[in-house]
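Engineer: 3D model of this:
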Amino acid sequence: MIKDFGLNDGTRIQITLFKLLLKESSMKIHDMWSCLLLLLVTSSMLDLLCSSWVRSTMDVALKFRVQ
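Structural biologist: Numbers count the residues shown, from 1 in each chain. Below is the predicted model:
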């Protein structure tokens, strides 16, 4: 359940970040490839962040349960 929540959250954050990056970038992205590359980079970074966040959340939950 936590994992699904994290993934949905990650997708929402990813879309918001992508929109911000497109809006804030002074250069216009002409070709689709750079657009896709940008999306890939942000999604892979967010996957790492979300998975570590889920792991740390689970660790904390387990510690509280043990005590």
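
Engineer: mind pulling the model confidence for Thr11?
Structural biologist: pLDDT for Thr11: 66.

Engineer: same thing with Ser52?
Structural biologist: So Ser52 comes in at 74 (pLDDT).

Engineer: got it, and the one 3 residues further on?
Structural biologist: Per-residue confidence (pLDDT) for Arg55: 76.

Engineer: cool, Thr16 as well?
Structural biologist: In this model, Thr16 carries a pLDDT of 74.

Engineer: show the subsequent helix or strand relative to the one helix or strand it maps to.
Structural biologist: Taking DSSP states H and E as the definition, Thr16 sits inside helix 2-24. Counting by DSSP H and E, the next helix or strand C-terminal to helix 2-24 is helix 32-66.

Engineer: which strands and helices sit next to that following helix?
Structural biologist: In this structure, helix 32-66 makes packing contacts with helix 2-24, judged by 3 or more CB pairs under 8 Å, 6 or more residues apart in numbering; DSSP states H and E. For every residue, glycine as well, the C-beta is placed using N, CA and C.

Engineer: shaky segments in the chain?
Structural biologist: Where the chain drops to pLDDT under 70, the residues are 1-14, 22-33, 35, 66-67.

Engineer: same thing but 50
Structural biologist: 1-5 (pLDDT under 50).

Engineer: how far away is Leu49 from Ser56?
Structural biologist: Distance from Leu49 to Ser56, counting by CB to CB, to the nearest Å: 11 Å.

Engineer: those two: which is more packed in?
Structural biologist: Shown here are Leu49 and Ser56; by other CB atoms under 10 Å, Leu49 has more neighbours (13 against 10).

Engineer: look up how far Ser43 lies from that one.
Structural biologist: 11 Å.

Engineer: over to Ala61?
Structural biologist: In terms of CB to CB, Ala61 sits 26 Å off from Ser43.

Engineer: what about these two, which has more around it?
Structural biologist: The residue with more neighbours, out of Ala61 and Ser43, is Ser43; 15 against 11, by other CB under 10 Å.

Engineer: right, and Thr42 touches Phe18 too?
Structural biologist: Yes: here Thr42 reaches Phe18: they are 6.0 Å apart, a contact under CB atoms under 8 Å.
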